[in-house]
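[1] I need the structure of the sequence given here:
(2 chains)
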There are 2 protein chains.
Amino acid sequence: MPTDIEIARQATLKPIAEVAAKAGVPDEALIPYGKYKAKIDRNALPASSSQGKLILVTAINPTPAGEGKTTTSVGLSDALHRIGKKTMLCLREPSLGPCFGMKGGGAGGGKSQVMPMDEINLHFTGDFHAITSAHNLLAAMIDNSIYWSNPLDIDVRRIVWKRVLDMNDRALRQIAGPLGGVANGFPRESGFDITVASEIMAILCLASDIEDLQERLGNIVIGYKRDRTPVFCRDVKADRAMTVLLKDAIQPNMVQTLENNPAFLHGGPFANIAHGCNSVIATTTALKMADYVVTEAGFGADLGAEKFLDVKCRIAGLKPDAVVLVATVRALKMNGGVAKADLTEENVGAVRAGAVNLKRHIENLRKFGIQPTVAINHFYLDTDAEIAVIREMAAEFDTDAVVCKHWADGGAGAEELARIVADKADAGAPDFTPLYPDDIPLADKIETVAREIYRAAEVNIPPAVRKQLQQWEEMGHGHFPVCMAKTQYSFSTDPTKLGAPEGHEVTVREVRLSAGAGFVVAICGDIMTMPGLPKVPSAEAIYLDENGQIEGLF
Amino acid sequence: MPTDIEIARQATLKPIAEVAAKAGVPDEALIPYGKYKAKIDRNALPASSSQGKLILVTAINPTPAGEGKTTTSVGLSDALHRIGKKTMLCLREPSLGPCFGMKGGGAGGGKSQVMPMDEINLHFTGDFHAITSAHNLLAAMIDNSIYWSNPLDIDVRRIVWKRVLDMNDRALRQIAGPLGGVANGFPRESGFDITVASEIMAILCLASDIEDLQERLGNIVIGYKRDRTPVFCRDVKADRAMTVLLKDAIQPNMVQTLENNPAFLHGGPFANIAHGCNSVIATTTALKMADYVVTEAGFGADLGAEKFLDVKCRIAGLKPDAVVLVATVRALKMNGGVAKADLTEENVGAVRAGAVNLKRHIENLRKFGIQPTVAINHFYLDTDAEIAVIREMAAEFDTDAVVCKHWADGGAGAEELARIVADKADAGAPDFTPLYPDDIPLADKIETVAREIYRAAEVNIPPAVRKQLQQWEEMGHGHFPVCMAKTQYSFSTDPTKLGAPEGHEVTVREVRLSAGAGFVVAICGDIMTMPGLPKVPSAEAIYLDENGQIEGLF
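    Predicted coordinates:
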């Protein structure tokens, strides 16, 4: 079978101007970045009173077998185009740094990919570089304010704003500086996160427009004074210059699928300490341009869909009209206890055992008033008997389950899914409701998610954490949603507990305030915000061949 | 009088595709970045056997009064177009970080500017971000190699490769890390430079093509082993992935002047620890496309022209066909002892006294076999008597001196200069020779520049520095040119000694090897490679107005 990169290289891309024109983008709204990518100037788009239907693609818990959430999003979008529906695809843009650690990258797979994959995975349109610049400008202005007589009385022990780089660089996780004496400043402990973990990434992805972006940037809490009162970004007077640095980054990026259909790739916040969805601006722009908008959320439905619904939809005033829940035979087998090496053998019992994971995600989504459609993302080794089990179990849960072959066949392989999902989206999800209201205490919000979604028997919020949450409520942040950070591999906080674990305890180790983004992060487990490189980084094998083509990146 | 930004905003820009087409760039070679900037794919340019004439614009020593070297380069290029000469302008691209420190930015001034100034001064086409990424990838791979059993036996005390950010951030000059224990790595001292100080910036600007770029990246010495032998970038296996990160950055950027003539803005190495010229690739591409190529070099002729001639021309096999030496009445008055506050008053005696600076630069350029043309960059307060003195003194030195009013009048104000310079360029500079040959010892090269150009009576190269230079000669770097780092304000190493100081001593405090770029840096004075922000950074006053226009940047 051809690899993703082989398929991608055989594709014929259309000029992005042509793709955009077909999507209704007038020439004056197109800001080209090379021949195959563009930013869309939202202010130059024609006024539109229409409002498309929003389709969320989520998945069961991820396993090393792969689920193909992005691939299914691409396939579904191409399929909707094929059945005559005016559709826009909205995905996250990938981070550059990790490409040099593990071989990977790309967006989608097989015949369901977005292009051009090398440009998307490297500097793309510079959004992440702009976020890095804006983030580090604020950091420089904080240390500069302290250097010049510290008029804000910032407590150097309580600065919570770190620096960022879009690089896997564990050596920067924890540093001491500035060293070197008077000319360099006051020494303190500090560190770097990877750019996707920046609160600015989350802000860019939740802002409704440039004014809202600036407002949110100003709201960032960068640290605390000696008297424990917060210091905001706007106190440091960095918010307006940061907005200038982000003025292009906030415009959505358009690329195309292998079938030359338009796709927005915009924003890529972490799916643990942030909400893991593409930008609100891309989504709302797409909803004005198309009748159907396909989007995805990071990780499995316990993290990704929950945050899409409780964080992104809540903050942006969006609601889903249909939800697709992606599962694969292989991933269900792993949830049923099969090791990765044994996945090639048929194992109907394991599929049945692992389907408890699927079932629980369906139950969870119903708590939001949503009836998902299961997409069985087909792999060539799947047997009819294995697929029959999933269908059977979905029927037991009174849920549609559709086999999709978009990986092998592109949009043509997902037409049945497209028809069902379009019908459901047309009907809408009138019963949709977030999991918890705005006006309960932050600790209760955390407990609600942990009990209702993770099915924790015990939720342990230590006194220091409760006190911190109360302080933020007193500061006026009590109405924020909570953004949960835990392992993506299990409903529990133990990544080895696959399937549908019960009776476990969830402990909130730490909470963090993202006052600009507008949520409180609850950390339940080890969360790494600056990855390292492996012993043999993929960078060692990445090169330009004699034709200037990139090898080794995918 | 209107400000630069007011003039810029009244300008009517042409689509960059139109500007490029007029310059002979076929559509397939144009890679647009928005509507008014583009990269040029050199591989898609038509073959050309022609070779244009290369015109260097340099200046007397800079003063706070301003000399207008870039402004004169733009004005001369526009003037050459006006008199019917097919011309290309090649300038450096500005750095983003410093824009948030001191108000400034822009390229050129008055009616002689390149556009669009806000985009040029912010992220532009992402070249500097790509350099930052490539630089920090190498840094991450070095610490990663040490983390994973240090197979190259790198001495953590002798790593010379720092990290970079395009930000004025003094707090990062000197840091200690990685801290935090086993998971993060082996603690050591380290720091950050600003991106323009990266050796990769110098390499990008000296590489003849992408293969040469990769070769030079591989040649970077990142540090030394316990046995003092060098460790190269290629030993860390980072060179090829870095080349991939730089594959777009190496393509020259095209923008336009206010008169809609094309300009390459490409690369921006420091003019002290690097050579301070735009990229060789932009220059050589321009020489294939146009009959006349106007380019500039950083700082005054003692630093900028010397490095252009001894470093860039030597490494790239270029030679200048004409040289313009820019002077202003105001700057000569400051060189003649007048304080900045008193510049508005006519002072013929001070012009005459300060002209020793001009005279010495003329003498110096003659040592390269070059007869410069003096451009008197006119300011509205200059009096006829003051200008007459410069003309008179230039005549004494047997040199053409032309009054140029391109700041006020654009290209029309520099037509006389254009005619004279075009004639001189047609005649060429057959006597051109670099100041020193390749095959003398490195210490002798430093001494030659210090004595011949800086007119030092004593050149002090301490024994430790001599030993270091000898070691590099033994490593095979003896043929490298030297890149001098000293104050730009004086021929001497004392920035307060204006005019034409004599009898001074030059001490080489430190030498650094840029084995990838291909030169040895000799540091004579305090050189700051990571600036700080002032007490009130200009960032505080930079914002987007209600029309989305950037205010406060210029």
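[2] How about the residues of the stretch 201-350 of chain A by chain B?
    Neighbours of chain B within the stretch 201-350 of chain A, by C-beta under 8 Å from any C-beta of the partner chain: A:210, A:214, A:237, A:238, A:240, A:241, A:243, A:244, A:245, A:247, A:248. Yep, even glycine has a C-beta here, placed from its N, CA and C like the rest.
[3] and the two most separated of these?
    By the measure C-beta to C-beta, those have their two most distant members at A:237 and A:248, which lie 22.0 Å apart.
[4] Is any residue of the lowest-mean-pLDDT helix or strand in chain A near chain B?
    Ranked by mean pLDDT, DSSP states H and E, the helix or strand of chain A with the weakest confidence is helix A:4-10, at a mean of 89. No: with C-beta under 8 Å from any C-beta as the threshold, helix A:4-10 lies outside contact range of chain B, at a closest distance of 14.2 Å.
[5] Mind checking what secondary structure the spatially most distant residue from the centre of chain A has?
    Distance from the centre of chain A peaks at residue A:182, with 42.4 Å (C-alpha atoms, centre = their mean). When the structure is reduced to helix, strand and coil (DSSP: H, G, I helix; E, B strand; the rest coil), residue A:182 reads as coil.
[6] go on, residue A:472?
    helix.
[7] wait, it sits on residue A:518?
    No: counting by C-beta atoms under 8 Å, no contact exists between residue A:472 and residue A:518, whose distance comes to 11.9 Å.
[8] so what sits against both of those two?
    Taking C-beta atoms under 8 Å, 6 or more residues apart in numbering or on different chains as the contact rule, the neighbours common to residue A:472 and residue A:518 are residue A:480.
[9] From the contact counts, what lies against the least confident helix or strand of chain A?
    strand A:112-115, helix A:117-121 (3 or more C-beta pairs under 8 Å, 6 or more residues apart in numbering or on different chains; DSSP states H and E).
[10] quick one, which of the ones you listed is nearest to residue B:12?
    If we rank the helices and strands packed on helix A:4-10 by C-beta to C-beta, the stretch that ends up nearest is helix A:117-121, at 31.5 Å.
[11] And chain A, what are its domain boundaries?
    Recorded structural domains for chain A (assignment: automatic domain parsing) are A:4-125+A:249-427, A:128-236, A:442-524.
[12] now the longest one, how far from the centre of its chain.
    Relative to its chain's centre, domain A:4-125+A:249-427 lies at 11 Å (C-alpha atoms, centre = their mean, to the nearest Å).
[13] Please apply the same query to the second one.
    Its chain's C-alpha centre and that of domain A:128-236 lie 23 Å apart, by C-alpha atoms, centre = their mean.
[14] Just the endpoints, please. Distance across that domain?
    Using C-alpha to C-alpha, to the nearest Å, the span of domain A:128-236 from its first residue to its last is 23 Å.
[15] Now do the residue nearest to residue A:169 when sequence neighbours are not counted: how many residues are near it, please.
    Nearest in space to residue A:169, with sequence neighbours left out and distances taken as C-beta to C-beta, 6 or more residues apart in numbering or on different chains, is residue B:140 at 3.9 Å. The tally of other residues near residue B:140 (other C-beta atoms under 10 Å in any protein chain shown) stands at 27.
[16] next helix or strand past the helix or strand hosting residue B:140?
    The secondary structure element spanning residue B:140 is helix B:127-147 (assigned by DSSP states H and E). Counting by DSSP H and E, the next helix or strand C-terminal to helix B:127-147 is strand B:154-159.
[17] Which other helices and strands does that next one contact?
    Strand B:154-159 makes packing contacts with helix B:127-147, strand B:188-190, strand B:221-225 when contacts are defined by 3+ C-beta pairs under 8 Å, 6+ apart.
[18] Can you say which of the ones you listed is packed in most?
    For those, average neighbour numbers computed from mean count of other C-beta atoms under 10 Å in any protein chain shown are highest in helix B:127-147, which has a mean of 25.
[19] Going by contacts, tell me the helices and strands next to it.
    Going by 3+ C-beta pairs under 8 Å, 6+ apart, helix B:127-147 lies up against helix A:127-147, strand B:154-159, strand B:163-165, helix B:199-206, strand B:221-225, helix B:239-245.
[20] For residue B:112, which of those is the nearest?
    Closest approach to residue B:112 among the helices and strands packed on helix B:127-147 is made by helix B:199-206 (23.4 Å; C-beta to C-beta).
[21] Skipping its backbone neighbours, what lies nearest the one residue sitting closest to the centre of chain A in space?
    For chain A, the residue lying nearest the average C-alpha position, counting by C-alpha atoms, centre = their mean, turns out to be residue A:276 (2.3 Å). Distances taken as C-beta to C-beta, 6+ apart place residue A:298 nearest to residue A:276, at 2.9 Å, with adjacent residues excluded.
[22] Residue A:305 is in contact with the one you found, correct?
    No: counting by C-beta under 8 Å, residue A:298 stays clear of residue A:305, with 9.6 Å between them.
[23] Neighbour count: the two, which is higher?
    residue A:305 (30 against 25).
[24] Up against chain B, what does the stretch 51-200 of chain A have?
    If contacts are counted using C-beta under 8 Å from any C-beta, the residues of the stretch 51-200 of chain A sitting beside chain B are A:96, A:100, A:122-123, A:126, A:129-130, A:132-133, A:136-137, A:139-141, A:143-144, A:147-148, A:163, A:165-180, A:183-185, A:189.
[25] same thing but at 7 Å, please
    By the criterion of C-beta under 7 Å from any C-beta of the partner chain, the positions of the stretch 51-200 of chain A lying close to chain B are A:96, A:100, A:122-123, A:126, A:129-130, A:133, A:136-137, A:140-141, A:143-144, A:147-148, A:165-180, A:184-185.
[26] For ChimeraX, write a command that selects the buried ones of these.
    Applying 16 or more other C-beta atoms under 10 Å in any protein chain shown to those leaves a buried subset, and the ChimeraX line that selects it is:
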select /A:96,100,122,123,126,129,130,133,136,137,140,141,143,144,147,165,166,167,168,169,170,171,172,173,174,175,176,177,178,179,180,184,185
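[27] my guess is residue A:512 is in a strand, correct?
    Yes: the assignment for residue A:512 (three-state DSSP) places it in a strand.
[28] sec struct for the residue nearest to it when sequence neighbours are not counted, please.
    By the measure of C-beta to C-beta, 6+ apart, the closest residue to residue A:512 outside its immediate chain neighbours is residue A:521, 4.3 Å from it. The three-state assignment at residue A:521 reads strand, by three-state DSSP.
[29] If I look at residue A:491, what pLDDT would I see?
    The predicted local confidence for residue A:491 comes out at a pLDDT of 95.
[30] That one and residue A:454 touch, don't they?
    Yes: proximity of residue A:491 to residue A:454 meets the contact threshold set by C-beta atoms under 7 Å, at 5.1 Å.
[31] okay, and the common contacts of those two?
    Shared contacts of residue A:491 and residue A:454, defined by C-beta atoms under 7 Å, 6 or more residues apart in numbering or on different chains, comprise residue A:302.
[32] Who has more neighbours out of the two?
    Neighbour totals were compared for residue A:491 and residue A:454, and residue A:491 leads with 28 against 23 (other C-beta under 10 Å).
[33] So that one: helix, strand or coil?
    Secondary structure of residue A:491, reduced to three states by three-state DSSP: coil.
[34] tell me the contacts of it?
    So, once contact is read as C-beta under 7 Å, 6+ apart, residue A:491 ends up touching A:302, A:360, A:454, A:455, A:500, A:501.
[35] one more time with 6 Å
    By C-beta atoms under 6 Å, 6 or more residues apart in numbering or on different chains, the contact list for residue A:491 reads A:302, A:454, A:455, A:501.
[36] From chain B, how far off is the second one?
    The reference is to residue A:454. Remark: distance between residue A:454 and chain B (C-beta to the nearest C-beta, to the nearest Å) = 27 Å.
[37] And the helices in the stretch 351-500 of chain A?
    Ranges of helices in the stretch 351-500 of chain A, per DSSP state H, counting those that start in this stretch, are A:384-396, A:406-409, A:415-427, A:442-452, A:463-472.
[38] Figure out which of those helices is closest to chain B.
    Put simply, out of those the one that sits nearest chain B is helix A:463-472, at 21.5 Å, with distance taken as C-beta to the nearest C-beta.
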